[in-house]
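> Any chance you could fold what I've pasted below:
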Amino acid sequence: MDSIEQYEEALVKKIEELSYIVSGLENNDAFNRLIKVWEETRKFIDDNWHLQTDQVKLMELRITKLSALNLINMIPNMKTELSKYQKEFEELKNPDSIIKKDYDEN
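Presented below is the predicted three-dimensional model:
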């Protein structure tokens, strides 16, 4: 029973932390401007990668683009993770309200 309580406590901490981060960044003008810079960087790379003949520079462009996409998608990814944890928490608190599917039966 103690491990369930610890797991529940860990879920609550994750939910609180992600909620705090998302709510703080989502409406932060400076952060939103930074995202626009990264979106422009990603677009520039997409529009110009074919002009690069140096393999090292091309690899740097790929890495930069992946980094930009990670930052651009940070809030949506955190929201998805937050929803997952909230659903998991609800299922943990209300196990009787969840309808278990039996995949063995047709």
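> who touches the lengthiest helix in the chain?
Under DSSP state H, the helix in the chain containing the largest number of residues is helix 2-26. The contact list for helix 2-26 (Cβ atoms under 8 Å, 6 or more residues apart in numbering) reads 31, 74-75, 78-79, 81-82, 85-86, 88-89, 92-93. To be clear about C-beta, it is placed using only N, CA and C from the backbone, and glycine gets the same treatment.
> In it, which residues are buried?
For helix 2-26, the neighbour count (16 or more other Cβ atoms under 10 Å) marks Leu11, Lys14, Ile15, Leu18, Val22, Leu25 as buried.
> helix or strand right after that helix?
helix 29-48 (DSSP states H and E).
> Excluding covalently adjacent residues, which one is nearest to Phe31?
Closest residue to Phe31 apart from its sequence neighbours, by Cβ to Cβ, 6 or more residues apart in numbering: Leu25 at 4.8 Å.
> Flag the shaky bits of the chain, pLDDT-wise.
Low-confidence segments of the chain (pLDDT under 70): 1, 97-106.
> any idea which residue sits dead centre in it?
Asn77 (1.9 Å; Cα atoms, centre = their mean).
> what helices or strands is the one helix or strand it maps to leaning on?
Using DSSP H and E, Asn77 falls within helix 74-93. The elements that helix 74-93 packs onto, with contact taken as 3 or more Cβ pairs under 8 Å, 6 or more residues apart in numbering; DSSP states H and E, are helix 2-26.
> Just want the angle from the helix it packs on to helix 74-93.
Per axes from the mean of the first three to the mean of the last three Cα atoms, to 10 degrees, the angle that helix 2-26 makes with helix 74-93 is 150 degrees.
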